[in-house]
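> Could you look at this predicted model? Sequence included:
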Amino acid sequence: MDVQQALLTRRTIPKYEPGPIDEEALREALTAAVHAPNHKLTNPWRFVRVGHETREKLLPIAWELKKAESPEARETIRKKFMNPAVLLVAAQIKTDDAFRAKEDYAACACAIQNLMLSLHGRGIGSMWGTGGPTRDQRTYDLLGIDRDKEEIIGFVWVGRAAAVPNPPKKTVHGVLPRISVSRDDRDRRSGIRIECRWGVKKGQDESFSTLR
Ligand SMILES: Cc1cc2nc3c(=O)[nH]c(=O)nc-3n(C[C@H](O)[C@H](O)[C@H](O)COP(=O)(O)O)c2cc1C
């Protein structure tokens, strides 16, 4: 699968079949994660792999936060926690510098995306989740994560997809900023010709601009 195809076909997988995944694929995905861009080479990420025994202990936290009291509601959450082959808890190493923290979060997001795309390239599903348990102190305690030093930024569920959602096709329409340049502006910026073209034709699902 080439990069563009991987980017366009990766989907967030909410439901998993139980069963293992190829451990080598996981190692490769984590290698891809730590190759993410990170300003000042802070390498601000940390991944904790959470096994099924510990996941059992996380379950009551999820049940409580979701107010899951019926056996059916609890079973749905149990499957969510227990079916994926792998649960990675992604954490960001904290810093007192607010700007650095922002850049580090961006780097962590890149790392998680690298991880998910690498897995997708191997036919393995994943999902980044930021539900209540990711922010609950009991989760930190259970996983032995010191909240003064690290912040959990998500659970990354990994495994064999039970189904692949098919959300509406995404296009770049309306995403790019509209650039409005008056003739006077163009004339003033001699040597720079700015040409804007927008895909406004009926049936065209992309918009784009060309700057020269
Ligand atoms: C920071 C972040 C947090 C997310 N948290 C959740 C979550 O808690 N629950 C969930 O179902 N999806 C979560 N997602 C996945 C998004 O819902 C998903 O990316 C979005 O629906 C688009 O679907 P796609 O990933 O298949 O393109 C999260 C994504 C990001 C980037």
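Great, that's in hand.

> thought residue 66 was touching residue 81?
No: Residue 66 lies out of contact with residue 81 (C-beta atoms under 8 Å); the separation is 11.2 Å. C-betas here are computed from N, CA, C, even on glycine.

> hmm, who's touching the longest helix along the chain?
With secondary structure taken from DSSP state H, the chain has its longest helix at helix 98-121. For helix 98-121, contacts defined as C-beta atoms under 8 Å, 6 or more residues apart in numbering pick out 1, 3, 6-7, 9-10, 21, 25-26, 28-40, 42, 44-45, 88, 90, 92-95, 125-126, 128, 153-154, 156, 158.

> domain assignment for this protein?
With domains defined by automatic domain parsing, the chain comprises 3-161, 168-212.

> Now the element after the longest helix of the chain, going C-ward?
Moving toward the C-terminus from helix 98-121, the next helix or strand (DSSP states H and E) is strand 125-129.

> roughly how far out does stretch 3-10 sit from the chain middle?
In terms of C-alpha atoms, centre = their mean, to the nearest Å, the centre of stretch 3-10 is found 14 Å from the chain centre.

> Could you check it against the ligand for contacts?
No: judged by C-beta under 6 Å from any ligand atom, stretch 3-10 stays clear of the ligand, getting no closer than 6.7 Å.

> Any buried residues in the lengthiest strand in the chain, and which?
The residue-count maximum for a strand in the chain (DSSP state E) belongs to strand 150-161. Buried residues in strand 150-161, counted by 16 or more other C-beta atoms under 10 Å: 150-161.

> Identify the residues contacting the spatially closest residue to residue 19 that is not a sequence neighbour.
Computed as C-beta to C-beta, 6 or more residues apart in numbering, the closest residue to residue 19 that is not its neighbour in sequence is residue 160, at 5.6 Å. By C-beta under 8 Å, 6+ apart, the contact list for residue 160 reads 16-17, 19, 21, 85, 124-125.

> Dig out what residue 160 forms beta bridges with.
residue 17 (DSSP bridges).

> Now residue 69. Its backbone dihedrals?
When read as degrees, to the nearest 10, the backbone of residue 69 gives phi -110, psi -30.

> pLDDT score assigned to it?
Note on residue 69: pLDDT of 97.
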